[in-house]
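>>> Return a 3D structure for these sequence lines:
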Amino acid sequence: MTRLITPHDLKRMLADGRELALLDLREELIFSQRHLLHARSLPLSRLELRIARLVPRRSTRIVLCDDDDGLAARGAAALARFGYDDLAIVAGSVAGWAAAGFELFSGVNVPSKAFGEFVEHADATPSVAAEELAQWLRDKADIVVLDSRPFDEYSRMSIPTAVNVPGAELVLRVRDLAPSPETTIVVNCAGRTRSIIGAQSLINAGVPNKVVALRNGTMGWNLAGLACDTGKDRRAAAASADGLGWASEAAARVAQRFGVARIDRAALEGFRAEAGERSLYVFDVRDPAEYAAGHMPGSVSAPGGQLVQATDQYVGTLGARIVLIDDRQVRALMTGSWLRQMGFAEVFVLNEAGDETGWPAAPVLGLAPRPEFAVAVTQLAGLLVREAATVIDLSLSRDYRRGHIPGAGFAIRSRLDRALGKIPLRDTLVLTSEDGVLANLAAPELAMLTDRTVRYLDGGNAAWRAAGQPLSDEPRMADEPIDAWLKPYERAGGVADAMNEYLTWETDLPERIARDGTADFARFRGA
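Next up, the predicted model:
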């Protein structure tokens, strides 16, 4: 049975030190407008796709919230079917929390973003303005610019001359990129967090160089009227023996300072044996290409810089154990040092790689063969030629906009009843999604809402594309795209205003975190 708890009950639970997963079941855009600090965004529409990794232990204490609109009750029923047995709902949910006088937050990845601002203040992380960096570049000063984002973000837009070195790779590769201690190192990202954490990682590691973060990243560069590069592919080479030797010693000192422990394979197996009593997350923090080439079974790819940048997307349970895997150890030790400072008490490093190759499919709860609902690409193509089918696309709106089956209408699974009133309905309704999995899950639900024939496209849009079928970018929105919070540079208009608003939001976070009082970033700061 699902308990109803008060906001004050939840406040006490957040402080009692026991494991807790606080899940917000609203769509991401709604979540981004106001939510509880430690809430993990888990839209009900995609619950089965993410819950097994986000909250792996079925006996975890779980508290659900919504807009007091029934989503939490629906989510609780689904979770109970999947074996989660310690469920509660916050009375009044988000509005109830605010009515009790507690703090609400806007934005996404708030714990990580707030932590970055905390680090800048606590460590006095030095920074440089875009205009000053531009002058250094014009003067051909002895500097190197290191972009700490994943390669796809870097390739989209980058600071001129920048080399891509994703956050956890910085300490591992820096001595090869800046062998002279006279070289000034500038670390950038799109905004602030990864610039600050990246620069401070190098400072903590003891590089002899001057290190600065690019203030406000590529956003600050654009707002200064400077042009970013696009399509660049400058990537750091593999670490040399000397570079690895220095990095290993430096990372070991940082790990000792912040209490990051190393374990062996036997200790990990011991943790796994206790996974019914303690939540365990096993992350491979290496470059994704290394993960695909060989990883430990059961580990999840979580490049270290992104794990620190968006911890709430990977770790759903507060108070859980975390094991970081890295056969060079440097990336795991540095990542672990940041997770410890964020307040995770049990963070361990395992020196392993593994021999499982490729990308294991994420576990999906409730997925089952549904041949009575399935339709193949050729069958759907025939139905469309005869104008005998209406296609409803449950993909994320970002993916839908990039290309979808011609004539398909965008909808959100948890709001299908609304969409039905906005779509011209033909004899057969065919659900599709990115790979067909979400459409498979939703087909029985849609069948309960209509007397028309319901099918789902086997393999989804991926199968449609693979068969060489045409795609369209003409939007047919049967619902609002509330499933996605757009980054400032993804907006259709008002980009500069959105950037300024975002950067102000980030710098205002420490004061709000202090008012909230449920985060203790100083707990494991070390000497």
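>>> which outside residues touch the top helix by length along the chain?
What stands out as the longest helix in the chain, according to DSSP state H, is helix 495-516. With contact meaning C-beta atoms under 8 Å, 6 or more residues apart in numbering, helix 495-516 is reached by 37, 102-103, 105-107, 110, 113-114, 116-118, 121, 191-193, 216, 219-220, 222-223, 487-489, 491, 519, 521. Every C-beta, even on glycine, is put in place using the N, C-alpha and C of the backbone.
>>> what is the mean pLDDT for that helix?
Mean per-residue pLDDT for helix 495-516: 96.
>>> For it, buried residues please.
495, 498-500, 502-503, 505-506, 509-510, 512-513, 516 (16 or more other C-beta atoms under 10 Å).
>>> And stretch 353-373, by the same measure?
Ala353, Gly354, Val364, Leu365, Phe373.
>>> Equivalent analysis for stretch 31-44, please.
Applying 16+ other C-beta under 10 Å to stretch 31-44 flags 31-32, 34-44 as buried.
>>> Helices of the stretch 51-200 of the chain, start to end?
71-81, 93-99, 110-123, 130-138, 151-156, 170-177, 193-205 (DSSP state H, counting those that start in this stretch).
>>> Highest mean neighbour count out of these?
Each of the helices of the stretch 51-200 of the chain was scored by mean neighbour count; the highest is helix 193-205, a mean of 27, by mean count of other C-beta atoms under 10 Å.
>>> Report the angle between that one and helix 110-123.
If you take axes from the mean of the first three to the mean of the last three C-alpha atoms, to 10 degrees, helix 193-205 sits at 40 degrees to helix 110-123.
>>> tell me which strands and helices helix 193-205 is in contact with?
If you count contacts as 3 or more C-beta pairs under 8 Å, 6 or more residues apart in numbering; DSSP states H and E, helix 193-205 packs onto helix 110-123, strand 127-128, helix 170-177, strand 184-188, strand 211-214, helix 241-258, helix 304-309, helix 330-342.
>>> what is the mean pLDDT for the last one?
On average, the pLDDT along helix 330-342 is 98.
>>> Repeat that for the longest one.
Summarised as a single mean, pLDDT over helix 241-258 is 98.
>>> remind me which residues of the stretch 401-527 of the chain are low pLDDT?
Low-confidence segments of the stretch 401-527 of the chain (pLDDT under 70): 526-527.
>>> where do the helices sit along it?
Under DSSP H, counting those that start in this stretch, the stretch 401-527 of the chain gives helices at 416-420, 437-447, 460-466, 495-516.
>>> Check the offset of stretch 16-35 from the chain's centre.
14 Å (C-alpha atoms, centre = their mean, to the nearest Å).
>>> Repeat that for stretch 474-484.
Averaged C-alpha coordinates place stretch 474-484 at 22 Å from its chain's average position (C-alpha atoms, centre = their mean).
>>> And for stretch 183-199?
The chain centre lies 19 Å from the centre of stretch 183-199; the measure is C-alpha atoms, centre = their mean.
>>> export it as CSV, just CAs?
C-alpha atoms of stretch 183-199 as CSV (Å, rounded to 0.1, in the frame of the first residue of the first chain):
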residue,chain,number,x,y,z
THR,A,183,51.6,27.4,-20.4
THR,A,184,48.3,28.8,-19.0
ILE,A,185,45.5,26.3,-19.1
VAL,A,186,41.9,27.5,-19.8
VAL,A,187,39.1,25.0,-19.2
ASN,A,188,35.7,25.7,-20.7
CYS,A,189,32.2,24.1,-21.1
ALA,A,190,28.9,25.6,-22.4
GLY,A,191,28.2,27.5,-19.2
ARG,A,192,29.8,27.2,-15.8
THR,A,193,29.7,23.9,-13.9
ARG,A,194,32.1,21.8,-16.0
SER,A,195,34.4,24.7,-16.5
ILE,A,196,34.7,25.2,-12.7
ILE,A,197,34.9,21.5,-11.8
GLY,A,198,37.4,20.9,-14.6
ALA,A,199,39.7,23.8,-13.7
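>>> what mean pLDDT does that stretch have?
So the average pLDDT for stretch 183-199 ends up being 98.
>>> In helices, which of the buried residues of stretch 353-373 appear?
Per DSSP H, these never map to helices.
>>> if we can go back for a sec, what two of the buried residues of stretch 31-44 are the furthest from one another?
Largest separation among the buried residues of stretch 31-44 by C-beta to C-beta: Leu37 and Leu44, giving 20.8 Å.
>>> For the spatially most central residue of the chain, give its distance to Glu28.
For the chain, the residue sitting closest to the mean C-alpha position, by C-alpha atoms, centre = their mean, is Gln313 at 4.0 Å. Remark: distance between Gln313 and Glu28 (C-beta to C-beta, to the nearest Å) = 11 Å.
>>> try Phe344
Taken as C-beta to C-beta, the span from Phe344 to Glu28 is 24 Å.
>>> Please apply the same query to Tyr489.
Taking C-beta to C-beta, one finds Tyr489 at 17 Å from Glu28.
>>> Could you do Gly403 as well?
To Glu28, Gly403 is 21 Å away according to C-beta to C-beta.
>>> Between those two, which is the more surrounded one?
Legend: neighbour count by other C-beta atoms under 10 Å for Gly403 and Glu28, higher for Glu28 (20 against 15).
>>> Got the phi and psi for the most far-flung residue of the chain relative to its centre?
Distance from the centre of the chain peaks at Arg386, with 41.8 Å (C-alpha atoms, centre = their mean). Main-chain dihedrals, Arg386, degrees, to the nearest 10: phi -90, psi 0.
>>> can you pull the contacts of it?
Applying C-beta under 8 Å, 6+ apart, no residues contact Arg386.
>>> burial count for Tyr263?
One thing to correct before we go on: residue 263 is Ile, not Tyr. 14.
>>> Surely it touches Val323?
Yes - Ile263 is within contact range of Val323, at 7.1 Å (criterion: C-beta atoms under 8 Å).
>>> got any residues that touch both of these two?
Shared contacts of Ile263 and Val323, counting by C-beta under 8 Å, 6+ apart, come down to Phe348, Val349, Leu350.
>>> buried stuff in stretch 469-483?
Buried residues in stretch 469-483, counted by 16+ other C-beta under 10 Å: Gln469, Arg476, Ala478, Asp479, Pro481, Ile482, Asp483.
>>> Repeat that for stretch 62-71.
The neighbour-count check on stretch 62-71 (16+ other C-beta under 10 Å) flags Ile62, Val63, Leu64, Cys65, Asp66, Asp67, Leu71 as buried.
>>> tell me the mean pLDDT for that stretch?
In this model, stretch 62-71 has a mean pLDDT of 97.
>>> which other residues reach it?
With C-beta under 8 Å, 6+ apart as the criterion, stretch 62-71 contacts 2, 5, 10, 13, 20-26, 30, 35-36, 39, 44, 55, 72, 75-76, 79, 84, 86-90, 92-97, 414.
>>> same deal with stretch 251-270?
Here stretch 251-270 makes contact (C-beta under 8 Å, 6+ apart) with 171, 204-206, 282, 323, 329-330, 333-334, 336-337, 340-341, 347-352, 524-527.
>>> Tyr281 falls within a helix, correct?
No - the assignment for Tyr281, made by DSSP: H, G, I helix; E, B strand; the rest coil, is strand rather than a helix.
>>> Tell me the spacing between it and Asp67.
Noted for Tyr281: a distance of 29 Å to Asp67, by C-beta to C-beta.
>>> try Ala39
Taken as C-beta to C-beta, the span from Ala39 to Asp67 is 13 Å.
>>> Identify the contacts common to these two.
Common neighbours of Ala39 and Asp67, counting by C-beta under 8 Å, 6+ apart, are absent.
>>> need the strands for the stretch 301-450 of the chain, in chain order.
For the stretch 301-450 of the chain, the strands defined by DSSP state E, counting those that start in this stretch occupy 321-325, 346-350, 374-375, 389-393, 409-410, 428-432.
>>> Surely Gly96 is in contact with Pro7?
Yes - under the contact definition of C-beta under 8 Å, Gly96 touches Pro7, with a separation of 5.3 Å.
>>> so what sits against both of the two?
Residues touching both Gly96 and Pro7 (C-beta under 8 Å, 6+ apart): Val90.
>>> end to end, how far does stretch 235-244 reach?
Terminal residues of stretch 235-244 lie 17 Å apart, using C-alpha to C-alpha, to the nearest Å.
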